[in-house]
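Novice: The amino acid sequence is not available; the structure is as follows:
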């Protein structure tokens, strides 16, 4: 079965029936995401050699656009997943690539205080997204084979739901106990000096938290929220690519995918909003029909995206208490 046929079946049988609950109740579309994984769509862009579909950005954008017509929240999750996989497919471990290809692993982006749901990268220059390594106080401190990542990442899609986060920090700095002449120059550099470093942070990592009451601009149900690491400990080999090369990886791989996927989703959300507005106008023109007091096409409500900032929705209430971010399934393999 082709990926288009598989997508049609999943959208009709699983995603569409749950779309209203997802949007109105803000419930993460876990059943839909699981079905997309089983149908091979989470692994659509992973290389064939790793067991994936071997497709490119154009096919991923098609999947996102078709999904956005049915459920904007699920489309936002796919957008962040495919953008993260653009880097994970190149630099991730063979085990991780295989898990994504098999549909058992959902990835997402956690690259700065203003993530893809709230930063509208399409309207910003390459020098402003991703954020500079020092923004948000992001640090990476190494002690032996363990790295402590400290940051607060806003507008993370599928926060607390994804299996791993593509995380950014400043370049490595070493702890006091590790500062010796034997250390490499890279590990002695102050954090943020010389570039950005990327990490694969597993959802089950200790001390990784999301607010109990989600906060973030994203379609209702997309799980867009803040992720806090204060700090979170990861193995040193969780680094993705060379130390200090993260900005080049993001600008060369992640950002182009994110721009195309976001544009595909925004176009479909806009069309849906305009169609709803036209229907409301038509209903109001009928004899005895009242004019709709709903939003116009430029005032899309949460769950349908928001105008100006791509697929994001309106902000939710302020952060409440903290709850663990990890899920027991789909964690990274032991080193």
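Specialist: Perfect, thanks for sending it. Because the structure is predicted, anything quoted here is derived from the model rather than measured. Residues are numbered from 1 along each chain as shown.

Novice: before we move on, which element is residue 9 in?
Specialist: Element membership of residue 9, judged by DSSP states H and E, is helix 3-10.

Novice: and if you look at residue 42?
Specialist: Short version: residue 42 belongs to no helix or strand, going by DSSP H and E.

Novice: Without its sequence neighbours, what residue ends up closest to it?
Specialist: Nearest residue to residue 42, sequence neighbours excluded (CB to CB, 6 or more residues apart in numbering): residue 103, at 4.7 Å. Yep, even glycine has a C-beta here, placed from its N, CA and C like the rest.

Novice: And what about that neighbour, helix, strand or coil?
Specialist: coil (DSSP: H, G, I helix; E, B strand; the rest coil).

Novice: re the thing from before, which secondary structure elements does the helix holding residue 9 contact?
Specialist: Helix 3-10 sits against helix 30-38, helix 57-70, with contacts defined as 3 or more CB pairs under 8 Å, 6 or more residues apart in numbering; DSSP states H and E.

Novice: Would you reformat these as TSV and include mean neighbour count?
Specialist: Listed next are the helices and strands packed on helix 3-10 as TSV, based on neighbours: other CB atoms under 10 Å:
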stretch	mean neighbour count
helix 30-38	20
helix 57-70	21
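
Novice: JSON lines for the ones you listed, including mean pLDDT?
Specialist: Conversion of the helices and strands packed on helix 3-10 to JSON lines gives the following (pLDDT from 0 to 100):
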{"stretch": "helix 30-38", "mean pLDDT": "98"}
{"stretch": "helix 57-70", "mean pLDDT": "97"}
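
Novice: Columns distance to residue 211 on top of the ones you listed, output as CSV?
Specialist: Listed next are these as CSV, based on distance: least, CB to CB, whole Å:
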stretch, distance to residue 211
helix 30-38, 19
helix 57-70, 26
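
Novice: and of these, who's closest to residue 153?
Specialist: helix 30-38 (20.3 Å; CB to CB).

Novice: Number of residues surrounding residue 49?
Specialist: 10 (other CB atoms under 10 Å).

Novice: now swap in residue 28 and tell me
Specialist: 19.

Novice: Just confirm it is within a helix.
Specialist: No. Looking at residue 28 with three-state DSSP, it is coil, so not inside a helix.

Novice: so it touches residue 220, yeah?
Specialist: No. With contact defined as CB atoms under 8 Å, residue 28 does not reach residue 220; the gap is 10.1 Å.

Novice: Indicate which one of the helices and strands packed on helix 3-10 is closest to residue 9.
Specialist: helix 30-38 (8.8 Å).

Novice: which helices and strands does the closest one pack with?
Specialist: Against helix 30-38 (3+ CB pairs under 8 Å, 6+ apart) you get helix 3-10, helix 16-25, helix 72-91.

Novice: Any buried residues in stretch 145-161, and which?
Specialist: 147-151, 153-161 (16 or more other CB atoms under 10 Å).

Novice: and if you look at stretch 17-27?
Specialist: Those would be 18-19, 22-23, 26, for stretch 17-27 by 16+ other CB under 10 Å.

Novice: host element of the closest residue to residue 239 other than its chain neighbours?
Specialist: Nearest non-adjacent residue to residue 239, counting by CB to CB, 6+ apart: residue 199, 5.8 Å away. Assessed by DSSP H and E, residue 199 sits inside strand 196-202.
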